[in-house]
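K.L.:
make a model of this:
(2 chains)
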Number of protein chains: 2
Amino acid sequence: MTWEQGQKTPRNAPRGPASSRRGFLTLAGATALGGAVGYTVPFGAEGLIGTALAQEKKLPDFVKTKDLNGLIVHSDKTMETKRGFITAGSVTPNKLLFVRNNLAVPDESVVANADAWEVSIEGVKNPRKLTIAELKTLGIESVAAVQQCSGNGRGYFTHKPSGTPWTVGAAGCVIWTGVPLKAVVAALGGPAEGAKFITGTGGEKLPDGIDPKTLIVERSVPVEALENALLAWEINGEPLLLVHGGPLRLVHPGYYGVNNVKWVKTVALTAAESDAKIQKTSYRLTPVGSKSQPSEPSMWEMSVKSYVTGPSDTAKAGKTVITGVAFGGTQPVTKVEVSADGGKSWKEARLVGPDLGKYAWRAFALQTELPAGTHILVSRATDASGATQPEDFPGNEGGYAHNGWRDPAVKVVIS
Amino acid sequence: MTWEQGQKTPRNAPRGPASSRRGFLTLAGATALGGAVGYTVPFGAEGLIGTALAQEKKLPDFVKTKDLNGLIVHSDKTMETKRGFITAGSVTPNKLLFVRNNLAVPDESVVANADAWEVSIEGVKNPRKLTIAELKTLGIESVAAVQQCSGNGRGYFTHKPSGTPWTVGAAGCVIWTGVPLKAVVAALGGPAEGAKFITGTGGEKLPDGIDPKTLIVERSVPVEALENALLAWEINGEPLLLVHGGPLRLVHPGYYGVNNVKWVKTVALTAAESDAKIQKTSYRLTPVGSKSQPSEPSMWEMSVKSYVTGPSDTAKAGKTVITGVAFGGTQPVTKVEVSADGGKSWKEARLVGPDLGKYAWRAFALQTELPAGTHILVSRATDASGATQPEDFPGNEGGYAHNGWRDPAVKVVIS
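P.N.:
Numbering: from 1, shown residues only, chains lettered A, B, ... in the order given. Here you go, the predicted structure:
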């Protein structure tokens, strides 16, 4: 099942108002909040709350690895990159990468002794536990991939889905390094009979007294993902940070972030999807107002998406370079168009910087002239399969998979 | 003039003993020095001194942006990445990138107000000063490139040249973002008549009472470099760090680091090379024991090079993945061979991770089996022009341009 198939369900679902304009809060005084000016965010309030949280030192220890100036802190488990900090540099610095954890982060001791971390490999001919030290003897690969929360853009849906109201910043492009999962599976004799899914289980400590199935992070993806999956111990050239799943994370390039199970303790090739709530009914494309069903599309492969990241409101009339990022999920981006009039007219942008492969994002740039006045900047990407971002992505109960081009608009006042 | 031409001079120069074996100091207790174990460095003493310096807080403010655990601190102006911290992740994190400054770093205020920084563009039809804010309206590009000190590997020369005795860590691969210099030149009417060089001048404060020409950082490269030159304000997705030349650096992909003028105040298209000492006689390939001459090859384009970065001495007998990095200067790397017996026998390694373009380095990996015992690991790269690393690079007075494959060997004891 691909995401393209998945899109069909919510397209038939009842649609709310097309778009929320509550988003255009320009942070004119944003310098005081961390130095980024001129981008617009729908949920400035969370940014303020986040700053207050940070100032009061109520955030977990892992924030010492983060640049809070560049993040909107929604909570101690959810932080998104400010739009103005997303650059044309192709790779998102670790300190600016968004944070989204379902449960509390494990103790730092797990990364202090990383090589001793054990993962159980099951659903293979010779199942066993392997330490990271052992995994490192089986092969190495690096892949650049967009890491994106399924709910990135949730803040734009007008039915106000529950969950973090991310705008554009719950995504980054990172370079993962680890061992190809298929090399591990091969070393253990290959898949057992009947394997249809790869099921990863996270190592978070579960609270007592609650049915584990309602909390455990256990995600299944189609076994075809074995071709590209990594067991990763590095992110952007440094040991995988605790907050991002270190010491070991299951990574499925091209898939939504939730499938990239952090602190991974078990990887199993299974005949069926996990029956954990996070797989069975959460992260499904469910019509607004309905109860989620296991038959609905799961948040697996990502779809084509883009957004403008510059200029900021300090721009002057005349020559301007409009920049942004675009990605195709599992397809390379082939074209990005940019509009400075909210989508009435479009010009093709240039793809900028190194091509890091089809799972990565590409920076884009359009050199243009903008006269004094107010401009609504939007971008629209097309991938190699021919898929183009829709103007609006229809609402769904969980607020997932937003890839409409209209909502992430940037309003720029040029003088 | 290309570096390939440049190599001819020192090849005819008198050669000292082929190689120094003083390098094999294994840091068995290196964990206490910062967590990296198992690599060998010739100048462990500097690492100790550096750690002591850091502990005594005698290092400049910029070290707060650096991970001193991963650096050998030679002095307050010279720090190299420890071999064990160079990973297969393709891009060197800013906090691990080597430091090499000729003069004291400017005041932090220059990066605090980056957009106001001015650079004078001269040797064009309409010369003028431009602020970074203005440069940002003229275009944007990103390029991944190896940033390498001309003296990387100097520590391997047996004639003990003066200057920092770098081993392998005075190089990294970074993604620069800025405006193409050719777009700036075009916006100012194009080159003036007779332009043969691009001459960049750094903005360091020069001490009083000393002839400025003996100290000023002013480098010239052939005007052909205009095709790829950037005026860069970002490194790896964040504003260019002060210690690395922020807020603005002239970058010539494929050229040695000295040509990438930091805190750049003037970029001029000139008829002749600068008469500053750093250009006229320093950074030349001069026979050992001789006085440098302006006619000798300048440290411009880099040559093909590689080195092993893993495993560490914690490896156990059996399956092992030998890793490293390889680059071709201005040519893509096409082949890397690895030897575990000091060069007696070779196997071809696999190139790992995304191809970031011809100016970047590629990680490589060889999956092999190593029995118990002592192994000498070396690598040898070939670029698209057919150039292959020599076994030994002949000595030259300044200790520049080392790319021999034998000296950077790693001795691994496997049990």
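
K.L.:
write out the residues of the stretch 251-400 of chain A neighbouring chain B.
P.N.:
By the rule CB under 8 Å from any CB of the partner chain, the part of the stretch 251-400 of chain A lying against chain B is A:314, A:316, A:318-321, A:323, A:352-354, A:356-357, A:360, A:363, A:365, A:367. No exception for glycine: its C-beta is placed from N, CA and C like everyone else's.

K.L.:
how does it look with 7 Å?
P.N.:
Selection of the stretch 251-400 of chain A residues close to chain B by CB under 7 Å from any CB of the partner chain yields A:318-321, A:323, A:352-354, A:356-357, A:363, A:365, A:367.

K.L.:
residue ranges for the helices of the stretch 201-350 of chain A, please.
P.N.:
A:277-280 (DSSP state H, counting those that start in this stretch).

K.L.:
and the strands in it?
P.N.:
For the stretch 201-350 of chain A, the strands defined by DSSP state E, counting those that start in this stretch cover A:218-222, A:230-235, A:238-239, A:249-251, A:264-270, A:305-310, A:318-327, A:333-339, A:347-348, A:350-352.

K.L.:
same list (the residues of the stretch 251-400 of chain A next to chain B) but as a markdown table, adding neighbour count.
P.N.:
Below are these laid out as a markdown table (neighbours: other CB atoms under 10 Å in any protein chain shown):
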| residue | neighbour count |
| --- | --- |
| A:318 | 12 |
| A:319 | 16 |
| A:320 | 22 |
| A:321 | 22 |
| A:323 | 25 |
| A:352 | 23 |
| A:353 | 26 |
| A:354 | 24 |
| A:356 | 28 |
| A:357 | 17 |
| A:363 | 27 |
| A:365 | 22 |
| A:367 | 17 |
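
K.L.:
and the furthest pair within those?
P.N.:
Greatest spatial distance among those (CB to CB): A:318 and A:357, at 36.1 Å.

K.L.:
which residues does the residue nearest the centre of chain A bridge with?
P.N.:
Nearest residue to the geometric centre of chain A (CA atoms, centre = their mean): residue A:148, 0.8 Å. Residue A:148 has these beta-bridge partners by DSSP bridges: residue A:171.

K.L.:
pretty sure it contacts residue A:255?
P.N.:
No: the pair residue A:148 / residue A:255 is not scored as a contact, 9.2 Å apart, by CB atoms under 7 Å.

K.L.:
quick check: neighbours shared by these two?
P.N.:
Common contact partners of residue A:148 and residue A:255 (CB atoms under 7 Å, 6 or more residues apart in numbering or on different chains): residue A:302.

K.L.:
for residue B:87, see how far away the residue of the stretch 201-350 of chain A found nearest chain B is.
P.N.:
Going by CB to the nearest CB, chain B is nearest to residue A:237 of the stretch 201-350 of chain A, at 3.4 Å. As judged by CB to CB, to the nearest Å, residue A:237 and residue B:87 stand 5 Å apart.

K.L.:
ok, residue A:185 next?
P.N.:
Distance, residue A:185 to residue B:87, by CB to CB: 24 Å.

K.L.:
which one of these two has more residues nearby?
P.N.:
residue B:87 (26 against 22; other CB atoms under 10 Å in any protein chain shown).

K.L.:
surely the more buried one and residue A:234 touch.
P.N.:
Yes: counting by CB under 7 Å, residue B:87 sits close enough to residue A:234 to count as a contact (5.9 Å).

K.L.:
who in the stretch 1-150 of chain A is up against chain B?
P.N.:
Residues of the stretch 1-150 of chain A lying close to chain B (CB under 7 Å from any CB) are A:87-93, A:136-142, A:144.

K.L.:
where's residue A:203 relative to residue A:255, distance?
P.N.:
Distance from residue A:203 to residue A:255, counting by CB to CB: 20 Å.

K.L.:
the more surrounded of these two?
P.N.:
residue A:255 (29 against 19).

K.L.:
the more buried one and residue A:300 touch, don't they?
P.N.:
Yes: counting by CB under 7 Å, residue A:300 is a contact partner of residue A:255 at 5.6 Å.
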